[in-house]
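Undergrad: Need coordinates for the following:
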Amino acid sequence: QPPPGLDRDAIDKLWSPVESVLPALVDRLTDRRLTPGDTAMLYQYIAMASVRHTSFAYVAQQWQAFHGGPPPIGDQIQLMRVQALANQVRVLANWRWRVLHAPEDGPRLMITDRGWMYVGEPDRRDHALLLAMGPRVALLGYLDSADLPQPKRAPFEEHLDLYMSWIEWFNAAASADPYIGALYSHPSDRALVEDLPDPSKILVNEYGPYRYKVSSGLMD
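TA: Prediction:
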């Protein structure tokens, strides 16, 4: 029941500009051919993914408790969604963003109902965000170390092919994430979805997640 003068669908309409162009944007990501304006739209989508999931209510409650406030209820949660959306769009440009690809000769990426997940290395305290955008393309965002050479690469300019075992690890890690309620993939992957292993049991390529082309062929 919004107050007079406020559209009852005001929150839903925040998503419309992105939802209407997202399918074509995913196609361009997959084909490695972004156009002007795509970076801003990707930042908007990434920020939206974090606030639209039902788990945001828990995040909002934790935030309020940390600052000594009462649990948010009703429209206050929706207001916090809008505030978080605006805040996150502003900080995403400070991150490093890569586009990851699942090669045709490897397994497909599975998409989560949350839209994103934390990923990290066992010996590091920090983590990155992985957003699967389609069965063959994902975004990876993280903060670079302050002592790395400047300038940084332009966002979403780096396109890297994933090694097969790392795709399997990403899918298994999504299944093990307690905040992810559902995984989506190609119909032919049903058996894989139903029998995903413990991610800690997967032996990934020790040389890193990316495949590099060399003069003698493809090096994994």
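
Undergrad: next one: phi and psi at the residue positioned nearest the centre of the chain?
TA: Note on the chain: the residue nearest the mean C-alpha position is residue 131, at 2.0 Å, using C-alpha atoms, centre = their mean. Dihedral pair for residue 131: phi -120, psi 110, per degrees, to the nearest 10.

Undergrad: what are the bridge partners for it, then?
TA: residue 139 (DSSP bridges).

Undergrad: residues in contact with it?
TA: 46, 49, 115-116, 138-141 (C-beta atoms under 8 Å, 6 or more residues apart in numbering). Glycine gets a C-beta too; all of them are placed from N, C-alpha and C.

Undergrad: That one and residue 74: what is the separation?
TA: 29 Å (C-beta to C-beta, to the nearest Å).

Undergrad: Touching, residue 21 and residue 40? I think so.
TA: No: using C-beta atoms under 8 Å, residue 21 is not in contact with residue 40, being 11.2 Å away.

Undergrad: the more surrounded of those two?
TA: Using other C-beta atoms under 10 Å as the criterion, residue 21 and residue 40 rank with residue 21 on top: 15 against 12.

Undergrad: coming back round to it: any idea how far residue 34 is from the residue nearest to the centre of the chain?
TA: Residue 131 is 15 Å from residue 34, by C-beta to C-beta.

Undergrad: just residue 113 next, same as before
TA: On the measure of C-beta to C-beta, residue 113 and residue 34 end up 26 Å apart.

Undergrad: between the two, which one's more packed in?
TA: residue 34 (19 against 14).

Undergrad: Could you identify the helix or strand that succeeds the helix ranked longest in the chain?
TA: Secondary structure of the chain per DSSP state H: the longest helix is helix 75-92. Counting by DSSP states H and E, the next helix or strand C-terminal to helix 75-92 is strand 96-101.

Undergrad: who's in contact with the helix or strand following that next one?
TA: Going down the chain from strand 96-101, the next helix or strand is strand 111-112, by DSSP H and E. The contact list for strand 111-112 (C-beta under 8 Å, 6+ apart) reads 132-135, 174, 177, 180, 182-185.
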